[in-house]
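A.B. asks: Could you look at this predicted model? Sequence included:
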Amino acid sequence: MYIYDKFDHTITRERVAEFSQQVARRLTGELSEDQFRPLRLMNGLYLQLHAYMLRVAIPYGTLSSKQLHMLADIAKKYDRDYAHFTTRQNLQYNWIKLDQVPDLLADLASVEMHANQTSGNCIRNVTADQFAGVAGDEVEDPRIISEIIRQWSTFHPEFLYLPRKFKIAVTGAPKDRAAIQFHDIGLQIVRNDAGEVGYAVYVGGGMGRTPIVGPLIRGFVPKAQILSYLEAILRVYNRYGRRDNIYKARIKILVRETGQAEFTRQVEEEWPLIRDTGVDIPAGEEARIRAFFAPPAYETIAEPVVAFVEAKKKYPAFDRWVSTNVHPHKVKGYGAVTISLKPIGGIPGDASSTQMHAIADLADTYSLSEVRVTHVQNLVLPNVKQADLFAVWQRLGEIGFADANIGLVTDIIACPGLDYCALANARSIPVSQRISERFADLDRQHTVGPLQIKISGCINACGHHHAGHIGILGVDKAGVEFYQITLGGAGDEKASVGTLLGPGFPGDQITDAVERVVNTYLELRSSPTETFIEAYRRVGAAPFKESLYGRR
Amino acid sequence: MAQAKEEMKILTANRLRNGETVYYTAAGEWSPYVSQAKVAATPEDIDALTKIGAAAYAANLVVDVNVIDITPGGDVKPSHIREIIRASGPTVRSDLNKPAAPSQRS
């Protein structure tokens, strides 16, 4: 993991001191709300329905056990004993008091964490594949470039007042687990014909009211020149992005309206002007950062691991959990465990301080003290020996997080929705809970197979509904919550935007509607191995529409 | 000529210091309990509430100040689901919901 140097510590501490003064001036009335709002947003502090909400940055979703312990302590000390992991691999506290924020930020800073740039029209927390460094299919560990981007974008004076917020995601593998084509910039680490490592660059993807799959604008940028290329993109956006209309201010609109070819030409024209001006990272600095992510000292373990194999035979429930929740590790004898924060009927992404402490303890005991956050609102123990998986599974069962449902119908993304969020039009969490309960039977979930349901409580799409195999969007219809269904979205390397099926359903009918869609799939799939998204792409929306609305 | 629709409104905001959802009461205070909100039913009273809210905002007591609709008759209950949830707490965490106002507790 990256460890702060003196410079990181200094700017973090100074930022806490600066914002603490701003909070004090707000509380005395020296600053008005209009003056204070942009300042608090730059520090991740929102006002939601019930209280202030603080969004804490978790760079590329990587946490140490020490940091997770502190996040749990903060939940208990300053919040109501729980926190919420988000689709941007961040963490949100829902019940924060303004006058306690300075102390909270100081506690965060003590474990090299902060809430900087988790809001506002700046470059936000960079996200990455949760299996970075342990996935066998990756070209290179995406945490290295992610950390470089974090340092480059932190307090970057030219890019703190962009037309709109800006999100960058990185995948190190051809299998995209970071939804890169739904980001303002998506980077895929690739190897060219000469065997050199570089980046394929996608620009102008996004969700919200105008969902767009970002196009590839350059197939290969040499590793040593990626920062100047990113800077060229940001400069073109900063220069031409619209500032007159918040709904047309994201880079996706600029790319679409300018045209991909012309936008690319502008970037390629800008790039040489800054490429050799010292923007790019010196080789020595890249090596210094790379060293933080050097593989840990793994043990040499022969497979099969007898105790692990025997446990799977003896305990079918454990075997099933392994099949869904343990991802292959690049090192023999290890596995990467995805901890489902989606217990049946639970709140997606929520964890109590007790649960967070327990997971941090598991990381210390079994996973080299490291935890990851996924954009699907789950947690990962990336380095667990196969021989320890049974003990991990048992302990997770004790804290209510041993559901064997990763990638299945109850592994639902849901934004906080109208239960918390000031922007929401409808509730998301209760919808996810009812669907989760309807499909509680694990045999049925496994019969249905891989299926991603994603729910947003408004068109801002924090719940990624556009990228759901089944997407659900909550809308307000004359003061009543209604839910629209989209089908066929995907956030992986075959990214696609879901298609709206038809009129929305009231809250008490949406679970039935989803079940009809699932049953329709089961009836029409060509074989039990044809997944939902494969079947949808083969047959299209028509049979699903008919199942919901009848023949028209 | 159509009769004007009866309007009943209350004044709500979030307390600056801690973000708590609060309601302006007949006693001139800000209460966390919607049941204690002062109800305005005439254009003049609604206008007065609006001015009180603006003054409290300017005095840095509260933020996100709004005059909101309530349903006619009986207990004070906001009309829109957003405000119902603001008044009582997240529907998915009953353990975090606001208790009844002290005067209403048995």
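C.D. replies: Sure thing, it's come through.
A.B. asks: In three-state terms, how would the residue most central in space within chain A be classified?
C.D. replies: Chain A has residue A:375 as the residue nearest its centroid, 2.4 Å off, counting by C-alpha atoms, centre = their mean. Three-state assignment for residue A:375 (DSSP: H, G, I helix; E, B strand; the rest coil): coil.
A.B. asks: Please look at it and residue A:180 and confirm they touch.
C.D. replies: No - Residue A:375 is not in contact with residue A:180 according to C-beta atoms under 8 Å; the separation is 10.5 Å. The C-beta positions use only the backbone N, C-alpha and C, and glycine is treated the same way.
A.B. asks: show me the contacts for the residue nearest to the centre of chain A.
C.D. replies: Applying C-beta atoms under 8 Å, 6 or more residues apart in numbering or on different chains to residue A:375 gives the contacts A:61, A:87-89, A:127, A:130, A:178-179, A:464.
A.B. asks: how about a cut-off of 6 Å?
C.D. replies: Shown in contact with residue A:375 (C-beta atoms under 6 Å, 6 or more residues apart in numbering or on different chains): A:87, A:89.
A.B. asks: any idea which helix is longest in the chain?
C.D. replies: Using chain A. In chain A, assigned by DSSP state H, the helix with the most residues is helix A:6-27.
A.B. asks: Chain B is the one I meant
C.D. replies: Across chain B, the longest stretch assigned as helix under DSSP H is helix B:43-58.
A.B. asks: which intervals of the chain have sub-threshold pLDDT?
C.D. replies: All of this is about chain A. Applying pLDDT under 70 to chain A flags residues A:552.
A.B. asks: wait, chain B
C.D. replies: For chain B, the stretches with pLDDT under 70 are B:1-6, B:104-106.
A.B. asks: and it, which residues reach chain A?
C.D. replies: B:17-19, B:21, B:60, B:63-64, B:80, B:86, B:90-92, B:96 (C-beta under 6 Å from any C-beta of the partner chain).
A.B. asks: Which of those residues are buried? Put it as a PyMOL command.
C.D. replies: Remark: buried members of these, expressed as a PyMOL selection using 16 or more other C-beta atoms under 10 Å in any protein chain shown:
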select buried, chain B and resi 19+21+60+63+64+86+90+91+92
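A.B. asks: got the residues of chain B next to chain A as TSV, with secondary structure columns?
C.D. replies: TSV is the format used below for those (three-state DSSP):
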residue	secondary structure
B:17	coil
B:18	coil
B:19	coil
B:21	strand
B:60	coil
B:63	strand
B:64	strand
B:80	coil
B:86	helix
B:90	coil
B:91	coil
B:92	coil
B:96	helix
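A.B. asks: from the residues of chain B next to chain A, which two are the most distant?
C.D. replies: Maximum pairwise distance among these (C-beta to C-beta): 32.4 Å, between B:60 and B:92.
A.B. asks: before we move on, the earlier item: export only the CA atoms of the longest helix of chain B, formatted as CSV.
C.D. replies: Output of helix B:43-58 as CSV, limited to C-alpha atoms (Å, rounded to 0.1, in the frame of the first residue of the first chain):
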residue,chain,number,x,y,z
PRO,B,43,-51.7,33.8,2.9
GLU,B,44,-50.7,36.3,5.6
ASP,B,45,-49.6,33.6,8.1
ILE,B,46,-47.7,31.8,5.3
ASP,B,47,-46.0,35.0,4.3
ALA,B,48,-45.0,35.5,8.0
LEU,B,49,-43.5,32.0,8.2
THR,B,50,-41.5,32.7,5.1
LYS,B,51,-40.1,35.9,6.6
ILE,B,52,-39.3,34.1,9.8
GLY,B,53,-37.4,31.4,7.9
ALA,B,54,-35.4,34.0,5.9
ALA,B,55,-34.5,35.8,9.1
ALA,B,56,-33.4,32.6,10.8
TYR,B,57,-31.3,31.8,7.8
ALA,B,58,-29.7,35.2,7.8
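A.B. asks: Check which helices and strands that helix is in contact with.
C.D. replies: With contacts defined as 3 or more C-beta pairs under 6 Å, 6 or more residues apart in numbering or on different chains; DSSP states H and E, helix B:43-58 has these neighbours: strand B:9-15, strand B:62-69.
A.B. asks: so of those strands, which one's packed in deepest?
C.D. replies: Most buried of the helices and strands packed on helix B:43-58, by mean neighbour count (mean count of other C-beta atoms under 10 Å in any protein chain shown): strand B:9-15, with a mean of 23.
A.B. asks: Residue A:283 and residue A:222, how far apart?
C.D. replies: Distance from residue A:283 to residue A:222, counting by C-beta to C-beta, to the nearest Å: 12 Å.
A.B. asks: and the two? which has more neighbours close in?
C.D. replies: residue A:222 (13 against 10; other C-beta atoms under 10 Å in any protein chain shown).
A.B. asks: can you pull the contacts of the residue lying closest to that one once chain neighbours are set aside?
C.D. replies: In space, residue A:222 comes closest to residue A:198 once its chain neighbours are excluded; the distance is 5.0 Å by C-beta to C-beta, 6 or more residues apart in numbering or on different chains. Residue A:198 sits next to A:220-223 when contact means C-beta under 6 Å, 6+ apart.
A.B. asks: Identify the bridge partners of residue A:198.
C.D. replies: residue A:190, residue A:222 (DSSP bridges).
A.B. asks: And for residue A:384?
C.D. replies: Going by DSSP bridges, residue A:384 forms beta bridges with residue A:335.
A.B. asks: I'd assumed residue A:336 was in contact with it.
C.D. replies: No - look at residue A:384 against residue A:336 with C-beta atoms under 6 Å: they stay out of range, at 7.2 Å.
A.B. asks: Between the two, which is the more surrounded one?
C.D. replies: Higher neighbour count among residue A:384 and residue A:336: residue A:384, with 25 against 22, using other C-beta under 10 Å.
A.B. asks: what's the neighbour count on residue A:85?
C.D. replies: 25.
A.B. asks: List the contacts of it.
C.D. replies: Contacts for residue A:85 (C-beta under 6 Å, 6+ apart) come out as A:91, A:349, A:373, A:377.
A.B. asks: ok, those residues vs chain B, which is closest?
C.D. replies: The closest of the contacts of residue A:85 to chain B turns out to be residue A:349 (C-beta to the nearest C-beta; 12.1 Å).
A.B. asks: Name the nearest residue to that closest one, sequence neighbours excluded.
C.D. replies: residue A:377 (3.5 Å).
A.B. asks: Now do the nearest residue to residue A:510 once chain neighbours are set aside against chain B, distance only.
C.D. replies: Among residues not flanking residue A:510 along the chain, residue A:483 sits closest, at 4.3 Å (C-beta to C-beta, 6+ apart). The gap separating residue A:483 from chain B is 14 Å, by C-beta to the nearest C-beta, to the nearest Å.
A.B. asks: Next: residue A:290.
C.D. replies: Residue A:290 sits 42 Å away from chain B, taking C-beta to the nearest C-beta as the criterion.
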